[in-house]
Each structure stands twice: as structure tokens, then as C-alpha cells.
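**Student:** model the following, please.
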Amino acid sequence: GTYHGLGPRHLQSYLDEYSFRFNRRKFKGQLFNRLLNACVLTDTITYNELVAVSP
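**Tutor:** Residues are numbered from 1 along each chain as shown. So this is what the prediction gives:
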């Protein structure tokens with residue numbers, strides 16, 4: 001598998017990804033195109049921004 005370990009710091013992100021994939025399991029053909037489009041239209045962020053705690 002992809003995940004070899006999971007710590008408390010990234011647990012919510014892991015669960016969010018799992019939920020996202022589970023909820024879209026019947027739309028695999030559309031998912032790739034929509035995800036690719038979202039990646040192209042979204043600004044990149046740094047690792048520190050990704051793991052920062054939101055207020």
C-alpha cells in the first residue's frame with residue numbers, strides 16, 4: 001500500500017482524502033479530469049502552508 005505509517009499530525013488530512021475517494025468511487029472516469037482541472041487552476045502552496053494550523 002501507499003501508507004506505511006500515520007501520525008496524529010496528518011491524521012485529519014488522511015481521513016479527508018479517504019472520505020473524498022470513497023464518496024467519489026462511482027465517478028472514476030470524471031474524477032481524473034476534474035482533479036487535473038482543479039490542480040491546474042489552483043495556486044501552489046508550500047509544505048509549511050499545507051500543515052499550518054488554521055484558526
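**Student:** can you pull up the most central residue in the protein?
**Tutor:** E17 (4.6 Å; Cα atoms, centre = their mean).
**Student:** quick check: buried residues in stretch 47-55?
**Tutor:** For stretch 47-55, the neighbour count (16 or more other Cβ atoms under 10 Å) marks no residue as buried. The C-beta positions use only the backbone N, C-alpha and C, and glycine is treated the same way.
**Student:** what's downstream of the lowest-mean-pLDDT helix or strand in the chain, the next helix or strand?
**Tutor:** The weakest-scoring helix or strand in the chain, judged by mean pLDDT, DSSP states H and E, is helix 28-41 (a mean of 85). Sequence-wise, the next helix or strand downstream of helix 28-41 (DSSP states H and E) is helix 47-51.
**Student:** which residues does the least confident helix or strand of the chain contact?
**Tutor:** Here helix 28-41 makes contact (Cβ atoms under 8 Å, 6 or more residues apart in numbering) with R24.
**Student:** buried set for it?
**Tutor:** Buried residues in helix 28-41 (16+ other Cβ under 10 Å): none.
**Student:** how far away from the center of its chain is it?
**Tutor:** On the basis of Cα atoms, centre = their mean, to the nearest Å, helix 28-41 sits 12 Å off its chain's mean C-alpha point.
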